[in-house]
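A.B. asks: Show me the folded form of this:
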Amino acid sequence: MQSLRRGQIILQKCDAAGKRRPVLIVSPAFLNGGTYVTAVPFTSQQLDKRAKLKTCVMFYAGEFGLDEDCVAKTDDVTQYRLLDLRLSDGRIGEVDEAKMNLVSAALSFSLGITN
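C.D. replies: Purely as a prediction, here's the structure:
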């Protein structure tokens, strides 16, 4: 697999709960050549509540290769070791620019970044 790019969705091998959760790469490609990438996890839990939060971005089943309705949790931005991602499976999908702009705005809110 080529170097990971911002906007790609990759499966995590297993999270702390033992689930294979998709994650959205948010770090730019020039930072993704090492051992880690920065990403936000998706969750399908408590969608009604999370869909209304400024820290979450809603994604629908079938969108960008995702199997079910879920949110990207930008308040849980994390560095993931490449060893903990299922890179051999390839990417699930790639988010378009419009959706990445929503994720970027939610990330800015989560991190307290103002322009």
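
A.B. asks: so where does residue 100 fall, helix or strand?
C.D. replies: Applying DSSP states H and E as the criterion places residue 100 in helix 97-111.

A.B. asks: Show the secondary-structure elements that that helix is packed against.
C.D. replies: strand 56-59 (3 or more Cβ pairs under 8 Å, 6 or more residues apart in numbering; DSSP states H and E). (Each C-beta comes from the backbone N, C-alpha and C, glycine too.)

A.B. asks: so after the strand it packs on, what's the next helix or strand?
C.D. replies: With elements assigned by DSSP H and E, the helix or strand that comes after strand 56-59 is strand 70-73.

A.B. asks: who does that following strand pair up with?
C.D. replies: Strand 70-73 has its sheet partners listed here by DSSP bridges as strand 36-43 (antiparallel), strand 56-59 (antiparallel).

A.B. asks: Let me see the mean pLDDT of the shortest one.
C.D. replies: Right, strand 56-59. Strand 56-59 shows a mean pLDDT of 97.
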